[in-house]
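Trainee: here you go, sequence then predicted model.
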Amino acid sequence: MLLIFRIESIHAQLFVSHESGFYDETITVSIFSTVGGDIYYTIDGSVPAPGKEGTYKYSSPITFQKNYANKLMFIPTSPTWQEPKELFPKATVIRIVEVKDSKVIDTAVRTYFVGIRHSLPVVSIIVDPQDLFDDGKGIYVPGKLFDPSNPYWTGNYHQRGEAWERPAIFEYFENNNLRYRTEIGVRIHGEFSRSFPVKSLRLYARNKEKEFTYPFFGRSGYKKLLLRNSGNDWEYCYMRDAVAQNIFKALGFDTQDNYPVVHYINGEYWGIVYLMEYYDLRYLQIKYGVSEKNTVIINYDLTIQDGKEGDQQSFVELLNFVRENDLSIKSNYEKVCNLIDIDNFINFKLSEIIAANNDWPGNNERMWRVLKIEDNTYADGKWRWMMYDMDNSLWIPEHNTLTVAIFGDPNVPWTMTDEATLLLRKLLKNEEFKKKFVERFYYIMSNVFIPERINTIVENYINLLKDEMVLHSNRWGKPDAELWKEDCLWLSNFGYLRKEFIENIFKNFFESE
């Protein structure tokens with residue numbers, strides 16, 4: 001008989017002899033309590049409940065050793081999923097509850113990596129396997145909502161919102177030592193990339209503090225974090241987004257701090273992802289010290305990313321003004337400069353152009369502002385820009401991104417919307433802006449987009465990933481480990497290839513006017 005218990009938060013005394021961590025040899029774990037309750041545990045990620053299948057009553061120390069008893073990794077997770085090429089050592093996750101007087105009075109969670117080591121930080125996600133892999137409610141599988149006639153845009157993993165969030169435990173390890181453990185909610189993140197075998201995950205802090213208290217990226221207090229699968233670069237270099245944001249991060253607009261980690265789901269090896277900042281109002285508060293309740297973030301299509309509906313009206317009015325007025329007139333130009341951080345705008349647009357982002361403009365662009373002016377440099381009410389999803393950049397060195405940024409590309413529908421190109425196109429009618437824009441281009445080419453510097457950034461990521469990439473490749477079938485080396489070599493030369501093309505594009509465009 002399955003019994004359901006009410007969880008109470010009281011000061012119980014449940015002790016586990018071994019902390020989560022990496023162990024070279026077999027370990028024997030003891031569990032005990034000073035209050036005399038009955039102890040139950042599971043090793044499949046599910047929450048223990050007396051009488052439930054897979055729940056065991058603790059009676060004596062438990063031995064954990066290196067094992068290969070993986071099950072979840074053989075569940076197809078997309079139309080392009082491939083079976084793993086080898087067997088992988090499996091960590092053991094143990095979830096423990098103590099029951100007294102028909103109440104759960106204490107809980108504990110551990111992940112034991114026996115005979116396993118990694119060169120990158122490691123994330124362990126402990127979650128009821130049904131919540132990720134069940135056909136009905138699993139968020140990681142095609143499931144009941146998959147339509148074979150529309151394979152890349154249907155499936156359980158394309159669902160959004162609170163109804164498709166699942167509770168989990170998050171553990172974070174650096175240098176093979178546990179640094180942080182907390183309760184989270186997990187949702188699938190992204191657009192088309194949701195249909196990839198390895199998913200991006202959005203992590204929500206669901207602990208009593210309602211935030212991540214560990215100083216990821218040197219800052220604590222985030223409400224959300226990402227584990228990102230490198231987007232459309234997941235089959236190739238597995239680093240383009242990270243590399244691009246790293247190249248341009250010192251130019252004043254927002255970029256997402258990130259670094260690669262290895263992640264496990266219920267003890268099973270799940271490969272490399274990037275732990276990354278998530279753009280929301282709390283992010284702005286943490287980074288700039290502005291009030292979380294006094295800010296808004298909007299998307300390229302003028303929808304709200306985070307904030308209250310209607311708070312995008314300032315940007316709507318800005319576009320209407322730009323649409324209806326001649327910005328070559330000084331007073332009109334000055335009005336626009338009072339509404340946007342013009343240097344921030346220029347740096348952002350130029351960076352996207354120089355990076356040859358072929359999934360932009362009209363996509364992957366966000367703006368933010370403080371609603372009511374505060375005593376803060378960044379709280380002047382001006383709109384500022386945010387870079388993200390750069391996995392379609394650094395691909396085509398001859399791409400004429402300048403022309404696309406101004407006029408759009410008829411072959412790429414989303415670049416042809418008014419919102420995508422209007423602001424830059426009209427601002428270039430102003431001689432002061434155009435002069436500043438061109439001068440800033442050459443500054444970035446001379447001081448930021450330096451081929452040798454780009455090569456160094458790429459080499460740094462290669463050095464981070466190289467010891468893990470064969471394992472990741474054998475897990476997912478992509479990127480091919482040997483082709484990955486070739487793709488990375490090509491990427492490290494992109495700066496040299498792009499420099500000549502983009503400088504000629506600028507010269508021809510602005511000298512021909």
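Mentor: On my side now, so go ahead. These numbers come from a predicted model, not from an experiment.

Trainee: and the gap between V262 and I116?
Mentor: Distance, V262 to I116, by CB to CB, to the nearest Å: 10 Å. (Each C-beta comes from the backbone N, C-alpha and C, glycine too.)

Trainee: buried set for stretch 143-163?
Mentor: For stretch 143-163, a neighbour-count test (16 or more other CB atoms under 10 Å) marks G143, F146, T154, G155, N156, Y157, H158, Q159 as buried.

Trainee: which SS class is R181?
Mentor: Here R181 is recorded as strand under DSSP: H, G, I helix; E, B strand; the rest coil.

Trainee: for burial, what's the neighbour tally of it?
Mentor: 20 (other CB atoms under 10 Å).

Trainee: now for the buried residues of stretch 143-163: which two are most distant?
Mentor: Spatial extent of those (CB to CB) is set by the pair F146 and Q159 at 11.2 Å.

Trainee: sorry, back to before: can you put the buried residues of stretch 143-163 in TSV and add distance to T213 and secondary structure?
Mentor: Formatted as TSV, the buried residues of stretch 143-163 follow (distance: CB to CB, whole Å; DSSP: H, G, I helix; E, B strand; the rest coil):
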residue	distance to T213	secondary structure
G143	34	helix
F146	38	coil
T154	38	coil
G155	34	coil
N156	31	helix
Y157	29	helix
H158	32	helix
Q159	30	coil
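
Trainee: kindly reformat those residues as a markdown table and extend each row with pLDDT and distance to N363.
Mentor: Shown next, in a markdown table, are these (pLDDT from 0 to 100; distance: CB to CB, whole Å):
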| residue | pLDDT | distance to N363 |
| --- | --- | --- |
| G143 | 98 | 27 |
| F146 | 98 | 25 |
| T154 | 97 | 21 |
| G155 | 98 | 22 |
| N156 | 98 | 25 |
| Y157 | 98 | 20 |
| H158 | 98 | 18 |
| Q159 | 98 | 22 |
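
Trainee: list the residues that contact V438.
Mentor: F506, F510 (CB atoms under 8 Å, 6 or more residues apart in numbering).

Trainee: where does it sit: helix, strand or coil?
Mentor: On the three-state scheme (three-state DSSP), V438 is labelled helix.

Trainee: all helices for the stretch 351-500 of the chain, in order.
Mentor: Taking DSSP state H, counting those that start in this stretch, the helices of the stretch 351-500 of the chain run over residues 401-407, 418-427, 431-447, 451-476, 481-492, 494-511.

Trainee: tell me which of those helices sits nearest to D24.
Mentor: When the helices of the stretch 351-500 of the chain are compared for distance to D24 using CB to CB, the nearest one is helix 451-476, at 18.0 Å.

Trainee: buried stuff in that closest one?
Mentor: The neighbour-count check on helix 451-476 (16+ other CB under 10 Å) flags 451, 454-455, 457-458, 461-462, 464-465, 468-469, 471-476 as buried.

Trainee: one more: stretch 247-257?
Mentor: I247, F248, K249, L251, G252, F253, D254, T255, Q256, D257.

Trainee: with pLDDT, distance to D38 and secondary structure as added columns, please give those residues in JSON lines.
Mentor: Output for the buried residues of stretch 247-257, formatted as JSON lines (pLDDT from 0 to 100; distance: CB to CB, whole Å; DSSP: H, G, I helix; E, B strand; the rest coil):
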{"residue": "I247", "pLDDT": "98", "distance to D38": "57", "secondary structure": "helix"}
{"residue": "F248", "pLDDT": "98", "distance to D38": "57", "secondary structure": "helix"}
{"residue": "K249", "pLDDT": "96", "distance to D38": "53", "secondary structure": "helix"}
{"residue": "L251", "pLDDT": "97", "distance to D38": "59", "secondary structure": "helix"}
{"residue": "G252", "pLDDT": "95", "distance to D38": "59", "secondary structure": "coil"}
{"residue": "F253", "pLDDT": "98", "distance to D38": "56", "secondary structure": "coil"}
{"residue": "D254", "pLDDT": "98", "distance to D38": "51", "secondary structure": "strand"}
{"residue": "T255", "pLDDT": "98", "distance to D38": "51", "secondary structure": "coil"}
{"residue": "Q256", "pLDDT": "98", "distance to D38": "46", "secondary structure": "coil"}
{"residue": "D257", "pLDDT": "97", "distance to D38": "45", "secondary structure": "coil"}
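
Trainee: quick one: which of those is nearest D480?
Mentor: The nearest member of the buried residues of stretch 247-257 to D480, counting by CB to CB, is I247 at 25.6 Å.

Trainee: tell me the one of the buried residues of stretch 143-163 nearest V123?
Mentor: Once CB to CB is applied, the member of the buried residues of stretch 143-163 that ends up nearest V123 is Y157, at 19.1 Å.

Trainee: list the contacts of the closest one.
Mentor: With CB under 8 Å, 6+ apart, Y157 has these contacts: T77, S78, I139, Y140, V141, P142, G143, I188, R194, S195, K199.

Trainee: for stretch 128-138, what is the distance to the chain centroid?
Mentor: 22 Å (CA atoms, centre = their mean, to the nearest Å).

Trainee: er, stretch 468-480 actually
Mentor: Remark: stretch 468-480 is offset 20 Å from the chain centroid, using CA atoms, centre = their mean.

Trainee: tell me the mean pLDDT for that stretch?
Mentor: Stretch 468-480 shows a mean pLDDT of 97.

Trainee: what do you get for stretch 62-69?
Mentor: Mean predicted confidence for stretch 62-69 is 97.

Trainee: same deal with stretch 365-375?
Mentor: Per-residue pLDDT over stretch 365-375 has a mean of 96.

Trainee: only alpha carbons, please: show that stretch as PDB.
Mentor: Taking Å, rounded to 0.1, in the frame of the first residue of the first chain, the C-alpha atoms of stretch 365-375 are listed here in PDB:
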ATOM      1  CA  GLU A 365      18.000  41.100 -29.800                       C
ATOM      2  CA  ARG A 366      16.800  42.500 -26.500                       C
ATOM      3  CA  MET A 367      16.600  46.000 -24.900                       C
ATOM      4  CA  TRP A 368      16.200  47.200 -21.400                       C
ATOM      5  CA  ARG A 369      15.600  50.400 -19.500                       C
ATOM      6  CA  VAL A 370      14.800  51.800 -16.000                       C
ATOM      7  CA  LEU A 371      11.300  53.100 -16.000                       C
ATOM      8  CA  LYS A 372      11.700  55.900 -13.400                       C
ATOM      9  CA  ILE A 373      15.100  57.600 -13.200                       C
ATOM     10  CA  GLU A 374      17.200  56.600 -10.200                       C
ATOM     11  CA  ASP A 375      20.400  57.900  -8.700                       C
END
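
Trainee: quick one: contacts of that stretch?
Mentor: Outside stretch 365-375, the residues that touch it by CB under 8 Å, 6+ apart are 254, 279, 284, 290-291, 294-300, 305, 311, 314-315, 352, 376, 378-386, 388.

Trainee: equivalent analysis for stretch 35-54, please.
Mentor: Contacts of stretch 35-54 (CB under 8 Å, 6+ apart): 1-5, 12-14, 31-33, 55-58, 62, 92-100, 105-106, 126-130, 265-267.

Trainee: okay, and which of those map to helices?
Mentor: P129, Q130 (DSSP state H).

Trainee: contacts only, for Y333.
Mentor: Contact partners of Y333, counting by CB under 8 Å, 6+ apart, are L327, L427, N430, E432, F433.

Trainee: err, L402, not the other one
Mentor: Neighbouring residues of L402 by CB under 8 Å, 6+ apart: I353, I502, I505, F506, F509.

Trainee: re the thing from before, and the contacts of stretch 35-54, which are buried?
Mentor: Buried, going by 16+ other CB under 10 Å: 5, 12, 14, 31, 33, 55, 58, 62, 92-100, 105-106, 126-129, 265-267, out of the contacts of stretch 35-54.

Trainee: for the protein, which element, helix or strand, carries the lowest mean pLDDT?
Mentor: strand 6-7 (a mean of 37; mean pLDDT, DSSP states H and E).

Trainee: so G271, which of the three states?
Mentor: Assignment for G271 (three-state DSSP): strand.

Trainee: from V261, how far off is it?
Mentor: From G271 over to V261 the distance is 10 Å, taken as CB to CB.
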